[in-house]
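> Predicted model, plus sequence, below.
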Amino acid sequence: MNSQFEGKVALVTGGSSGIGLATAKLFAQRGATVYITGRRQKELDDAVREIGPSATGIQGDVSRFGDIDKIYQTIRAQKGKLDILFANAGTGEFAPLGQINEEHFDKQFDVNVKGTLFTVQGALPLMSAGSAIVLNASLVSIKGSPAFSVYSATKAAIRSFARNWAVDLKGKGIRVNAVAPGHVKTEGVLEDFRAGRLDEAAMLAHIPDGRIADGDDIADAVLFLCSARARHIVGQVLTVDGGEGFSAVVRPSGPPDGESCARPRSASAPPGRSKPRRNTPIPWPQPPPRRTRAAETELRQLPQICKGR
């Protein structure tokens with residue numbers, strides 16, 4: 001067993017499945033004592049058995065102040081400190097503008113924003129210099145995603161938290177960073193594939209790495225940010241997406257001069273359109289013209305000309 005985090009106490013919220021479970025397992029494998037939280041007791045118990053004897057499960061909902069208090073009372077009574085917090089618990093639902101209701105908004109902001117804020121704030125009395133906090137943001141916080149605006153807004157708030165809390169904690173030796181995963185093959189995403197809400201083939205076409213991440217890909221990034229190797233990384237958002245975030249806007253090396261590229265035809269019409277857009281040529285940027293010899297001579301003479309004025 002790797003002893004990288006031997007003697008460290010880590011808390012992973014939302015640790016009974018997906019990214020949280022993968023991260024908790026990796027912390028345990030690297031020697032940490034791990035606490036995980038989850039709302040459903042059976043899933044929590046299953047996760048603890050999967051992680052191993054160094055894990056403890058605490059049932060709780062991070063959107064409820066009483067549950068957050070219970071989490072930290074347990075850790076204080078058993079260990080008296082907390083070295084690492086991965087604020088991972090979150091929820092997401094689809095609803096396009098025009099169909100968003102108050103319940104949809106409140107549920108996501110209560111868990112993703114309020115829950116993250118008070119989870120981190122509650123952890124501070126147990127943390128000391130050398131501790132690390134990692135928040136779970138998302139690639140959608142910087143991209144437009146259909147029917148996902150409320151969730152995306154909550155994750156934009158997480159990015160902002162990472163930057164602002166890094167400043168708030170200046171001088172305390174507690175580092176705050178965030179990870180921003182792209183699509184990850186969690187059970188929720190697999191369900192979206194099955195239900196047709198997400199198109200796996202179309203998604204893969206925009207990931208230069210050629211695959212959709214699994215939980216271990218994100219867990220590795222979280223552990224790096226919590227390690228001594230990241231000791232001078234503060235207030236940053238580490239994107240872990242296989243290139244998905246930029247692939248839709250970065251052009252290839254380019255066609256020969258004088259040619260153009262075209263917008264790829266959509267597989268299906270965007271919402272509100274009966275037909276896909278026609279291919280529209282996009283002029284390829286041309287290099288700047290070469291300077292003539294006369295222009296080069298004028299540039300060399302410019303300092304003397306200006307001096308004589």
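Looks like it came in fine.

> Can you tell me, leaving aside adjacent residues, what's nearest to Phe109?
Thr154 (5.8 Å; Cβ to Cβ, 6 or more residues apart in numbering). Using the backbone N, CA and C atoms, a C-beta is placed for each residue, glycine as well.

> burial count for the one you found?
When neighbours are counted by other Cβ atoms under 10 Å, Thr154 registers 25.

> Lowest-scoring secondary structure element of the protein by mean pLDDT?
strand 260-262 (a mean of 36; mean pLDDT, DSSP states H and E).

> ok, Asp220 to Arg229 distance?
12 Å (Cβ to Cβ, to the nearest Å).

> longest helix of the protein?
helix 149-168 (DSSP state H).

> What are the buried residues along that one?
For helix 149-168, the neighbour count (16 or more other Cβ atoms under 10 Å) marks 149-159, 161-162, 165-166 as buried.

> Who has more neighbours out of Asp220 and Arg229?
Asp220 (15 against 11).

> Just want the phi and psi numbers for the nearest residue to Phe118 once chain neighbours are set aside.
Spatially, and ignoring its direct neighbours in sequence, Phe118 is nearest to Ile68 (5.5 Å; Cβ to Cβ, 6+ apart). The phi and psi values for Ile68, taken as degrees, to the nearest 10, are phi -60, psi -40.

> any idea how far Ile68 lies from Asp241?
Counting by Cβ to Cβ, the gap from Ile68 to Asp241 is 30 Å.

> try Gly98
29 Å.

> neighbour-wise, which of these two wins?
Asp241 (24 against 5).

> In terms of pLDDT, where does that one sit?
On the pLDDT scale, Asp241 is placed at 96.

> Thr186 now?
88.

> The closest residue in space to it that isn't next to it in sequence - how many residues pack around it?
In this structure, Thr186 finds its nearest non-sequential neighbour in Gly18, 3.8 Å apart by Cβ to Cβ, 6+ apart. For Gly18, the neighbour count with other Cβ under 10 Å is 20.

> picking that back up, who does the longest helix of the chain touch, helix- and strand-wise?
Judged by 3 or more Cβ pairs under 8 Å, 6 or more residues apart in numbering; DSSP states H and E, helix 149-168 is in contact with helix 102-109, helix 115-123, strand 132-136, strand 175-181.

> Now mean neighbour count too, for these, in a markdown table please.
What follows is those, written out as a markdown table (neighbours: other Cβ atoms under 10 Å):
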| stretch | mean neighbour count |
| --- | --- |
| helix 102-109 | 14 |
| helix 115-123 | 20 |
| strand 132-136 | 26 |
| strand 175-181 | 25 |
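
> quick one: which of the ones you listed is nearest Thr13?
helix 115-123 (5.8 Å; Cβ to Cβ).

> and the closest one with strand 132-136, angle?
170 degrees (axes from the mean of the first three to the mean of the last three Cα atoms, to 10 degrees).

> Now do helix 115-123: which elements does it pack against?
Using 3+ Cβ pairs under 8 Å, 6+ apart, helix 115-123 sits against helix 65-78, strand 84-87, strand 132-136, helix 149-168.

> export the ones you listed to TSV and tack on mean pLDDT and distance to Phe94?
TSV is the format used below for these (pLDDT from 0 to 100; distance: least, Cβ to Cβ, whole Å):
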stretch	mean pLDDT	distance to Phe94
helix 65-78	98	26
strand 84-87	98	23
strand 132-136	98	19
helix 149-168	98	8
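
> JSON lines please, covering those and showing distance to Ala22.
Converted to JSON lines, these look like this (distance: least, Cβ to Cβ, whole Å):
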{"stretch": "helix 65-78", "distance to Ala22": "20"}
{"stretch": "strand 84-87", "distance to Ala22": "11"}
{"stretch": "strand 132-136", "distance to Ala22": "12"}
{"stretch": "helix 149-168", "distance to Ala22": "19"}
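
> Looking at the ones you listed, spot the one closest to Gly122.
helix 65-78 (5.0 Å).

> Pull out the buried residues from that closest one.
Quick answer for helix 65-78 (16+ other Cβ under 10 Å): 67-68, 71-72, 74-75.

> go on, stretch 223-236?
For stretch 223-236, by 16+ other Cβ under 10 Å, it's 223-226, 230, 234-236.

> just checking, what packs against the helix or strand where Ala219 lies?
Using DSSP states H and E, Ala219 falls within helix 215-226. Judged by 3+ Cβ pairs under 8 Å, 6+ apart, helix 215-226 is in contact with helix 18-29, strand 84-87, strand 132-136, strand 175-181, strand 237-240.
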